[in-house]
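> Fold the following, please.
(one chain, ligands or ions: 1)
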Amino acid sequence: MHSGLQSAKDFFTEQNANTYDKIVRYATIGRDKQWKKNILTMIQGNIVLDLASGTGILSEMIRNSNDALEVLSLDLSIDYVKISKKRRKIPTVVNASAEMLPFRNRSCDCIVSSYLAKYVDIDKLVTEISRVITPNGIVIFHDFSYPSKRVIRIAWKLHFKLLCAVGLMITSWRHVFSELDQMIENSEWSEEVLASLGSHGFAEISSTYFTFGTSKMIVAKKNE
Ligand SMILES: C[S@@+](CC[C@H](N)C(=O)[O-])C[C@H]1O[C@@H](n2cnc3c(N)ncnc32)[C@H](O)[C@@H]1O
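Just a heads-up that it's a prediction; the model follows:
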């Protein structure tokens, strides 16, 4: 098992699934919702697959944005899948790995993911996305990024120190907050995604940074 998969299994558990929605809101100082709204603006087609749907925040936003869309959701953690089914009206949620998608070839028009990329083997993920996406389909990756400006990095590190201190009080999140900053700093998800998209027949690739470079979205279109 590669280290990203091990981290995902250690991080997203029965102990913290119930509090995830609040934690992601507070930990991103409310930015998570805006970042996800930016994802919504890029969605095209009729069938949308939300990879690493977690508790279903993004899947629900996609569904609410357009009743005509069919939303499929998938997550590795059974505990997060259970919460998403309990809390939200999301019709199809699958418990599986994004590295081995249980979907037919060319079956989804748009494939999105928020905070998945740093946990996966990017080449396996893009190979699967490339198989499942329809010709001219859109893929959208979103995840945290390590800011490039020195002054922002100082503020970013202080923010994570604060999260670590908070984590000392919330035992179910302690482990996540003690490792997440290092993981984001070391992750090369965006470089790997850009390289892999190019070699899997994707074009019109664009990258957008949000909130002083603390998160990033990559969008691309599958060639016919
Ligand atoms: C930080 S949560 C994000 C949840 C949701 N996308 C959101 O934005 O609120 C990360 C999620 O990625 C899932 N995950 C990690 N690795 C995965 C994989 N290989 N396949 C599917 N899901 C995975 C975890 O189970 C967890 O629910």
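> Just say helix, strand or coil for whatever residue of the chain ends up closest to the ligand.
Closest approach between the chain and the ligand, counting by C-beta to the nearest ligand atom: Gly54, at 2.5 Å. Just so you know, the C-beta spots here come from the backbone N, C-alpha and C atoms, and that holds for glycine as well. Of the three states, Gly54 takes coil according to DSSP: H, G, I helix; E, B strand; the rest coil.
> ok, now which ones touch the closest residue in space to it that isn't next to it in sequence?
The shortest distance from Gly54 to any non-neighbouring residue, by C-beta to C-beta, 6 or more residues apart in numbering, is to Tyr80 (4.9 Å). Contacts for Tyr80 (C-beta atoms under 8 Å, 6 or more residues apart in numbering) come out as Phe12, Ala17, Tyr20, Ser53, Gly54, Thr55.
> in a helix, that's where Tyr80 is, yeah?
Yes: going by three-state DSSP, the assignment for Tyr80 places it inside a helix.
> Report whether stretch 174-187 contacts the ligand.
No: Stretch 174-187 is not in contact with the ligand by C-beta under 6 Å from any ligand atom; minimum separation 8.7 Å.
> Give me the contacts around that stretch.
Contacts of stretch 174-187 (C-beta under 8 Å, 6+ apart): 7, 10-11, 16, 27, 117-118, 143-146, 156-157, 160, 163-164, 166-168.
> Return the distance of that stretch from the chain's centre.
For stretch 174-187, the separation from the chain centroid amounts to 15 Å (computed by C-alpha atoms, centre = their mean, to the nearest Å).
> Tell me the gap between stretch 214-224 and the middle of its chain.
Using C-alpha atoms, centre = their mean, the offset of stretch 214-224 from its chain centre is 13 Å.
> quick one, phi psi at the residue positioned nearest the centre of the chain?
The chain has Ser114 as the residue nearest its centroid, 2.0 Å off, counting by C-alpha atoms, centre = their mean. Reported as degrees, to the nearest 10, the phi and psi values for Ser114 are phi -120, psi 120.
> which non-adjacent residue is nearest it?
His142 (4.6 Å).
> The one you found contacts Thr211, doesn't it?
No: His142 is beyond contact range of Thr211, at 12.0 Å (criterion: C-beta atoms under 8 Å).
> Those two: which is more packed in?
His142 (25 against 15; other C-beta atoms under 10 Å).
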